[in-house]
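S.K.: Following is a predicted model, sequence given first.
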Amino acid sequence: MKSIVIRGTAANNSIRVFVANTTSMVEKARRLHAASPVAIAALGRTLTAASMMGLMLKSENHKLTVKINGGGKLGSIVVVGNSYGNVKGYVAHPEAESTYIRPGKLNVGEAVGKKGDITVIKDLGLKDPYVGTSPLVSGEIGEDFASYFVNSEQQPSAVALGVLVERDYTIKAAGGFIIQVLPNIEEEILNKLEEKLGNMEPITVLMDKGMREEEILHHVLGEMAPEILEKYDVDFVCDCSKDRFEKALISIGKKDLKEIIEEDEGAEIVCHFCNKKHHFNKEELQKLLDSI
């Protein structure tokens, strides 16, 4: 089953909304990184948010990078997304285990930590990228993105993100939503929205009940005349290549490259994002050295 994000509007265009079902995307990331339940819960939430945020970008060549480091046992979480909603990402310590808040509820906040920041870097094709940073508030990811939107983009947003892990560590459900209120929203509508969100079950509970992304949209915003504007197929897509790593090897300089050839007679570079191994034999490295 494909991962899907829907983009919509509600309350006479005073609410902007994205709803995502990223179950297959997050399962793909879990397999690639052999991630523990708490590691994929944190990474999966970040992948889901970055996918929806990528679809907010204005141009097809725009990209964004999300970095989260709260000082917890998972270390850094890094996710890169594009304007098609496709993402790639990794967590520094995918093997890390977790305590539980209660049976079946992983303590993601503890594993991520909250002594740090969430940083979003947007490459918009300008001379300098846009960089927004906000202190982590809980390490639970969803609350941290909501805080980021208010602090760095001055955009009030409700963010729900969740990953439900099966007993065999596969992903049963993953998804989320981002709801943003626009300046023209009426106070009565805003109060209704806040009440609805305050009493709502977690996103993974709704998905576990079998609710699809359209049903979740209507469950949350049904009284506010929601309208689906577009539907996107999204995925975990890594664009690493041998050519890209050739450039990386050239960039280390003549001296270091010569040292690798003489001492190791070859090189193996592993992509952080997808764990794919790229091999370079002695002859290939010599050609790179000659080209410098």
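M.R.: Looks like it came in fine.

S.K.: Just say helix, strand or coil for the residue nearest the centre of the chain.
M.R.: For the chain, the residue nearest the mean C-alpha position is Leu47 (2.0 Å; CA atoms, centre = their mean). Counting by DSSP: H, G, I helix; E, B strand; the rest coil, the backbone at Leu47 sits in helix.

S.K.: how close does it sit to Val163?
M.R.: Leu47 is 9 Å from Val163, where distance means CB to CB, to the nearest Å. All C-beta spots, glycine's among them, are computed from the backbone N, C-alpha and C.

S.K.: list residues touching both of the two?
M.R.: Residues touching both Leu47 and Val163 by CB atoms under 8 Å, 6 or more residues apart in numbering: Val26.

S.K.: Name the helix or strand for Phe145, please.
M.R.: When secondary structure is defined using DSSP states H and E, the element that contains Phe145 is helix 142-153.

S.K.: Excluding chain neighbours, what is closest to Pro181?
M.R.: For the record, residue 181 is Val, not Pro. Distance criterion CB to CB, 6 or more residues apart in numbering; nearest residue to Val181, sequence neighbours excluded, is Pro156 at 5.2 Å.

S.K.: Kindly report the same for Ala49.
M.R.: With sequence-adjacent residues excluded and distances taken as CB to CB, 6+ apart, Ala49 is closest to Phe145, at 5.1 Å.

S.K.: Next, the contact list for the one you found, please.
M.R.: For Phe145, the contacting residues are 49, 118, 157, 159, 161, 178, by CB under 8 Å, 6+ apart.

S.K.: ok, now which ones touch the fifth one?
M.R.: Under the criterion of CB under 8 Å, 6+ apart, the contact partners of Leu161 comprise 45, 48-49, 141-142, 145, 175-176, 203.

S.K.: By neighbours, which of those residues wins?
M.R.: Among the contacts of Leu161, the one with the most neighbours (other CB atoms under 10 Å) is Thr48, at 36 neighbours.

S.K.: Looking at the contacts of Leu161, which two lie furthest apart in space?
M.R.: The most widely separated members of the contacts of Leu161 are Phe145 and Gly175, with 14.1 Å between them, by CB to CB.

S.K.: what helix or strand is Asp128 on?
M.R.: Secondary structure from DSSP H and E places Asp128 outside every helix and strand.

S.K.: so how far is Asn82 from it?
M.R.: Between Asp128 and Asn82 the distance, using CB to CB, works out to 19 Å.

S.K.: Ok, Asn69 next?
M.R.: 23 Å.

S.K.: just to revisit the earlier point, wait, the residue nearest to the centre of the chain sits on Ala20?
M.R.: No - between Leu47 and Ala20 there is no contact under CB atoms under 8 Å: 9.5 Å.

S.K.: ok, then the element right after the helix holding Phe145?
M.R.: Where DSSP H and E defines the elements, the next helix or strand beyond helix 142-153 is strand 157-165.

S.K.: Output the next helix or strand along the chain from that following strand as CSV, nothing but the C-alphas.
M.R.: In the C-terminal direction, the helix or strand that comes right after strand 157-165 (DSSP H and E) is strand 171-181. Extracted C-alpha coordinates of strand 171-181, given in CSV (Å, rounded to 0.1, in the frame of the first residue of the first chain):
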residue,chain,number,x,y,z
ILE,A,171,4.9,-0.9,11.4
LYS,A,172,1.2,-1.3,11.9
ALA,A,173,0.3,2.3,11.3
ALA,A,174,2.1,5.6,10.9
GLY,A,175,0.8,9.0,10.0
GLY,A,176,-0.1,12.5,11.1
PHE,A,177,-1.6,15.8,10.3
ILE,A,178,-0.6,19.5,10.3
ILE,A,179,-3.5,21.9,10.7
GLN,A,180,-2.7,25.6,10.3
VAL,A,181,-5.0,28.5,11.0
